[in-house]
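Visitor: coords please:
(one chain, ligands or ions: 1)
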Amino acid sequence: MPSVSATQDQERAVGKDLANPLLVRACYGDILDRPPVWMMRQAGRYMPEYRAVREKVSFLDLCKTPELAAEVSLQPLTAFGMDAVIMFSDILVIPEAMGCPVRFTESVGPVFDHPIRTPADIERLRAIDPNQDLAYVMKILGTLRAELSNKPETALIGFSGAPWTLASYMIEGGGSRNFTHLKSLMWNEPQRLHSLLEKITIAVSAYLNAQIEAGAQVVQLFDTWAGILPLPLYQQFIQPYHQQVIQSLPTDRVPVILYVNNSPHVIDAILETAPTVMSVDTLTPLSTAIAKARPKNVAVQGNLDPTALFADPSALAPMVQKLLQEGGDTGYIFNLGHGILPQTPVDNVRLVVDTVKQYHCKTIPNTPVT
Ligand code: CP3
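Guide: Got it, this is the predicted structure:
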């Protein structure tokens with residue numbers, strides 16, 4: 001598997017343009033005075049502004065109403081001033097576009113009433129035309145780019161679920177503890193699982209490329225459940241599909257961030273797929289991730305534990321400072337190690353964002369007077 005080549009190095013230099021948003025510059029390894037900051041799933045239930053919108057509309061209707069989805073995407077920017085806006089949507093819009101509809105319940109989360117269980121179920125899945133089938137997502141991105149036209153320093157992030165995580169929801173029919181259906185398919189009929197992953201990979205690649213055309217300046221691939229496999233199986237069922245998606249993207253001008261949860265045992269395999277940025281979960285120490293990623297010219301994002309936001313400010317602040325010091329002035333993006341949790345106190349979110357924005361990587365030394 002190729003790692004970052006000299007040509008990729010040169011291509012990545014294209015991103016080192018002062019006119020780019022801070023996040024894009026950090027992705028490409030520019031030397032910065034402070035890292036950019038945003039939080040995975042930053043628009044959501046911990047914000048009273050979000051809950052007020054959700055009182056009037058269901059989650060899926062919110063995703064499918066571009067004006068409302070754009071409004072909700074901008075709420076964290078207005079409230080806390082992050083360096084990026086992530087479009088409001090969900091990873092499970094792709095299965096729906098492929099013909100495997102999802103509904104969201106308050107208590108259980110996502111539910112597929114017709115999960116993928118037979119060969120015919122896989123064959124029935126449609127190839128997607130993202131501009132048609134997911135036109136509402138493209139509209140959200142277009143609206144957000146227009147809204148952000150007076151804020152060129154703020155990046156607009158698009159995203160997709162990665163093939164393995166999407167397959168897990170489609171096969172299990174929702175969230176799962178043991179992944180018995182998914183793993184049975186893997187043990188009994190690996191080729192069938194590959195044909196499903198292949199179909200999803202084609203959809204994800206088309207979807208992310210369409211998002212870039214619609215205005216996304218950075219894209220993130222979420223593989224929440226990829227950490228459940230040991231390395232040899234990860235190399236068979238997950239890594240090749242990351243590689244296919246990443247290679248389909250114009251990473252010379254639009255960075256791709258790869259997030260794999262529970263990933264300490266697969267860090268090298270993540271880096272082999274040459275994402276622009278590796279988003280680090282809470283288990284891997286940031287310094288370990290950086291030591292592995294920097295020699296490969298891969299930037300690093302993360303990895304404050306989302307539960308640290310429930311700590312007293314006096315305990316939280318030193319955790320933030322430690323990450324800032326470890327992250328340093330090149331190729332680092334401040335973020336959480338997983339999505340922000342619904343009960344998170346907003347004052348601590350503000351504290352984290354303010355602390356990062358006030359940080360200076362280097363104190364400028366006094367110039368000696370001659
Ligand atoms: O980052 C953002 O602000 C953008 C929005 C975003 C959502 N989901 C909104 C959402 C993003 C990037 C996601 C990704 C997502 N969705 C992932 C990958 C990241 C991760 O956290 O691991 C996964 C696994 C999902 C699937 C999903 N969506 C689940 C399991 C649930 C139910 C559990 C939960 O958190 O409620 C959702 C629903 C969902 N997606 C909500 C939000 C704000 C809550 C819906 C509500 O308002 O009730």
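
Visitor: And what about residue 301, helix, strand or coil?
Guide: Secondary structure for residue 301, judged by DSSP: H, G, I helix; E, B strand; the rest coil, is strand.

Visitor: what do you get for residue 219?
Guide: Going by three-state DSSP: residue 219 is strand.

Visitor: Within its local environment, how many residues does it see?
Guide: 24 (other C-beta atoms under 10 Å). For glycine as for every other residue, the C-beta is placed from the backbone atoms N, C-alpha and C.

Visitor: Need the pLDDT of it.
Guide: Residue 219 carries a pLDDT value of 99.

Visitor: Report the contact partners of it.
Guide: 157, 158, 159, 160, 208, 211, 212, 249, 254, 255, 256, 257 (C-beta atoms under 8 Å, 6 or more residues apart in numbering).

Visitor: any idea how far it is from the ligand?
Guide: 11 Å (C-beta to the nearest ligand atom, to the nearest Å).

Visitor: Over to residue 282?
Guide: On the measure of C-beta to the nearest ligand atom, residue 282 and the ligand end up 12 Å apart.

Visitor: And residue 254, by the same measure?
Guide: 17 Å.

Visitor: So that residue lies in a helix, does it not?
Guide: No: assessed with three-state DSSP, residue 254 is coil; it does not lie in a helix.

Visitor: For it, the count of nearby residues, please.
Guide: Residues near residue 254, counting by other C-beta under 10 Å: 20.

Visitor: That one touches residue 215, doesn't it?
Guide: No: counting by C-beta atoms under 8 Å, residue 254 does not reach residue 215; the two are 10.4 Å apart.

Visitor: quick one, what contacts residue 139?
Guide: Residue 139 neighbours (C-beta under 8 Å, 6+ apart): residue 66.

Visitor: Give me the local confidence score for it.
Guide: For residue 139, pLDDT reads 98.

Visitor: Buried ones in the longest helix along the chain, by neighbour count?
Guide: Secondary structure of the chain per DSSP state H: the longest helix is helix 190-213. Residues of helix 190-213 classed as buried by neighbour count (16 or more other C-beta atoms under 10 Å): 192-194, 196-197, 199-212.

Visitor: will you turn the contacts of residue 219 into a markdown table that also has pLDDT and distance to residue 91?
Guide: Compiled in a markdown table, the contacts of residue 219 are given as follows (pLDDT from 0 to 100; distance: C-beta to C-beta, whole Å):
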| residue | pLDDT | distance to residue 91 |
| --- | --- | --- |
| 157 | 98 | 13 |
| 158 | 98 | 12 |
| 159 | 98 | 7 |
| 160 | 98 | 7 |
| 208 | 99 | 12 |
| 211 | 98 | 13 |
| 212 | 98 | 17 |
| 249 | 98 | 17 |
| 254 | 98 | 19 |
| 255 | 98 | 19 |
| 256 | 98 | 15 |
| 257 | 99 | 14 |
